[in-house]
Each structure stands twice: as C-alpha cells, then as structure tokens.
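Enquirer: Would you be able to build a 3D model of this:
(chains A and B)
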Protein chains: 2
Amino acid sequence: MNINYPNGQHHSPEAIDPSLNNSIEFGKRGMSLEEELNSSNQYYLSRGLGVIHKKPTPIQIVKVEYPKRSAARITEAYFRQASTTDYNGVYKGHYLDFDAKETTNLTSFPLKNFHTHQITHMKQCIDAGGICFTIIKFVKLDRIFLLQAINLFDYWDKKDNGGRQSIPLSYFEEQGIEIKYKLAPLIPYLSAVDMIM
Amino acid sequence: MNINYPNGQHHSPEAIDPSLNNSIEFGKRGMSLEEELNSSNQYYLSRGLGVIHKKPTPIQIVKVEYPKRSAARITEAYFRQASTTDYNGVYKGHYLDFDAKETTNLTSFPLKNFHTHQITHMKQCIDAGGICFTIIKFVKLDRIFLLQAINLFDYWDKKDNGGRQSIPLSYFEEQGIEIKYKLAPLIPYLSAVDMIM
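Expert: You can find the predicted model right below:
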C-alpha cells in the first residue's frame, strides 16, 4: 500500500508508520538530505503541523516551443543563482527560513558551501522577525545538526578577516541541536525549532 | 542615474524618488502586476521593511547538456503546476502568503483564475498561523484590491454548490482594501496588510 500525498508523490508506508518496519534505517535508505527534508515536510503538512516547502530551482528560460496538442516544451534554459535560501514556510505562526547542506567532511563544515546572498537573505529575514537557521548533515557520520543563523554569522563574518574557513564539528555539538532520525517524520527538525523559538 | 539593487535589476530613479518625476503614472508604464509587485518587494527589501519574494516557476528538467567551458544548458524541460501560491515572506515577524491575479473583466473577478491547490495551500498556511490574502488587479479599471483569503474562501467554497463563479467588484469594494498606486513602493500593499493584522 502506498499513501498518496496531495502533490502526487508516493511514499512507502515504512516512512509513515513505524509499526510497519523494524529497521530505523529503512525509510532513508539512499535518500539525499533534500529528499529526507521533503519527506519530513510532507509529513508535517499532512498532519497540519507546519507548511514548509522547498522553493523551485530558478531557471532562466530562453526558448519555448508550443507543439500542437501537447505541452509547451522548453528547449533552451539555464540555471540561475537563487537570491534566497531553499526552504521557507510557516510554523506556529512563525516565519521559518533555512538552507540545508551536506558535507562529506568528518571534522568540520566548510563555509564555502554558503553563498554571500544566502547569508544576506538570512540577515534580512531575521531583521524582519523571521526564524533562520541551517540544517547541516555530516554524511559520513550520519549526523544532522540545526544551527541557528546567528551562530553561522559568527563564523561567516570572521572568515575574511583571518578567521576559520570552516565550522568545527565540536561547535555544532556545543551550539547546535543534533537531530536524530525518526521514522515519522524522518528528520524531526521542528522539534529542534521549538527549542530556539 | 540608475539605482542597482542587490539582484542586479535596474530601476529608473522615477520609481524611487517622487521628486524626480511629475507624473504618478510613469513608474508603472506598461508593467504587469507581477513586475509592479516585484518592484514593490525590492523597495520593501531595500528599506528593511519586509522580505517578500516571488517563487521561481517550477520546471521539470528532462535533459541537460554540459558544454565545455560554458554554462550547463537545459535542452528539454516542461512547466509544472505549482503546489503553493506565488509569493511568500516575512513582515513584522508574520508569515505572509499570497497570490496576485489580473483580470480584464470590468465588474467581477472570475474564480477560475484560482486553482484548488492554491486554495488548499492558503488554508494550510492559515491553520499554521500565517496571514494569507490575494491581490487582484482590475486591469481596465486600473484598480487594485487586497482581499483576505477567508473572504475568497467564502466564494470558492460555494461555487460548486450553486454559488457564483465570480466575485463581484462591489464585494472587493466592501470587504477588500483598495490599494492606490504610489511611487515608492509602486503598490504599497504592506500598508493594507497592517490593516488586517
């Protein structure tokens, strides 16, 4: 049995109901952090707990063909750089805004994974009263942390003034909130958000 | 002199500083409602008043070429239907979510301009504590209204049960908030949002 979500995605029942599956690893087998978060967001949405979506990738469309009796086909387009973070939405009346990044590093997260415009956007959102953070996955350690944007800024703002080019894992352990995989939702990050609200 | 905004768009000074221009019509000459709102959002962003962006159009990418020494080129892609509204962001700590629609009708706004998934999304956002509305422009009258989502739902939920297929202009005049063009921002819709918060 598959459960059909409003957007037409299919989810295996193991991702929804823990009782259907003995292995806590099953639901996320082979998924990227983005897929894991999308699945978690679907769970939160379906339970009425929060409305958080990943924004579509911005594309510059150059040429479109309109074949008879079929859908418009884009035949030339290019990727554009996003001017915001990837995820935003609403939770308990609060505006949430965040980016999610993976690293294969074992002991630190390289700051070059962020772009200036993403940092600028998060600072603007905070000024307007939003809650901003980043979700970092150390892929080889299979560990996920939520780090508040203000902690990220601490490192970011120093990196061009002789500071470190990466955030050490120990800093995530001390200042971040580790998120342990669950079955439903896979990445229960809104529980971590509760702790920073 | 042009003013460069962070995203590289150029704005004529007339759109920014009323003293540079005698005609209130100049700034919006030939602009679509989307362009007018993007310009207004740039203004709000540049003044630190709110962070509201239009989401990119969702595209299903099928084929990408990676030519040597130049940018990846998408050679086959299709438009996908969005699962959310077009605009969201944060203002005074509140989550805002809205869609903007134009009509050339003179006396009513046809409900067929909305899709079920947009209505569903707005209901989900309201349940999570967000502020949802729609911005409707009667193009031939050059009049713009903000209508709260709950008022839109009133009509939407009745349309398949013998109700009207459109919202009369008089309803916008009574229940909506008319937004008069200004120079900066062009569409001062956050002032209307202040009235529904």
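Enquirer: Contacts only, for A:Thr107.
Expert: A:168-169 (Cβ atoms under 8 Å, 6 or more residues apart in numbering or on different chains). From N, CA and C alone the C-beta is placed, and that goes for glycine too.
Enquirer: ditto for A:Ser191
Expert: A:Ser191 sits next to A:Ile179 when contact means Cβ under 8 Å, 6+ apart.
Enquirer: now A:Lys159
Expert: A:111, A:165.
Enquirer: now it: how far from chain B?
Expert: From A:Lys159 across to chain B, the span is 20 Å (Cβ to the nearest Cβ, to the nearest Å).
Enquirer: per-residue confidence for the residue nearest the centre of chain A?
Expert: Taking Cα atoms, centre = their mean, the centroid of chain A lies closest to A:Ala100, which sits 3.6 Å from it. A:Ala100 carries a pLDDT score of 98 in this model.
Enquirer: Nearest residue to it in space, please, no chain neighbours.
Expert: A:Ile135 (4.3 Å; Cβ to Cβ, 6 or more residues apart in numbering or on different chains).
Enquirer: Specify the local secondary structure of the nearest residue to A:Lys92 once chain neighbours are set aside.
Expert: In space, and not counting its chain neighbours, A:Lys92 is closest to B:Gly129: 5.8 Å by Cβ to Cβ, 6+ apart. Following DSSP: H, G, I helix; E, B strand; the rest coil, B:Gly129 is assigned to coil.
Enquirer: so B:Gly129 sits right up against A:Val90, yeah?
Expert: Yes - proximity of B:Gly129 to A:Val90 meets the contact threshold set by Cβ atoms under 8 Å, at 6.0 Å.
Enquirer: Mind checking which of these two has more residues around it?
Expert: A:Val90 (26 against 16; other Cβ atoms under 10 Å in any protein chain shown).
Enquirer: how close does that one sit to A:Tyr171?
Expert: Distance, A:Val90 to A:Tyr171, by Cβ to Cβ, to the nearest Å: 29 Å.
Enquirer: for A:Asn122, helix, strand, or coil?
Expert: Actually, residue A:122 is Met rather than Asn. Three-state call for A:Met122 (three-state DSSP): helix.
Enquirer: again with A:Thr84
Expert: Applying three-state DSSP: A:Thr84 is coil.
Enquirer: Just give the closest residue to A:Leu147, not the sequence neighbours.
Expert: A:Gly176 is the one closest to A:Leu147 (Cβ to Cβ, 6+ apart), at 4.2 Å.
Enquirer: In contact with A:Glu174, which residues are there?
Expert: Counting by Cβ under 8 Å, 6+ apart, there are no residues that A:Glu174 touches.
Enquirer: Let me fix that, I meant to ask about A:Ala77.
Expert: A:Ala77 neighbours (Cβ under 8 Å, 6+ apart): A:59-63, B:59, B:73-74, B:77.
Enquirer: With A:Val193 instead?
Expert: A:91, A:96, A:131, A:133, A:146.
Enquirer: tell me which of those residues is nearest to chain B?
Expert: A:Tyr91 (6.2 Å; Cβ to the nearest Cβ).
Enquirer: pLDDT score for the nearest residue in space to that closest one that is not next to it in sequence?
Expert: Closest residue to A:Tyr91 apart from its sequence neighbours, by Cβ to Cβ, 6+ apart: A:Gly50 at 3.9 Å. A:Gly50 is assigned a pLDDT of 98 by the prediction.
Enquirer: Since that was my last question, I'll sign off now.
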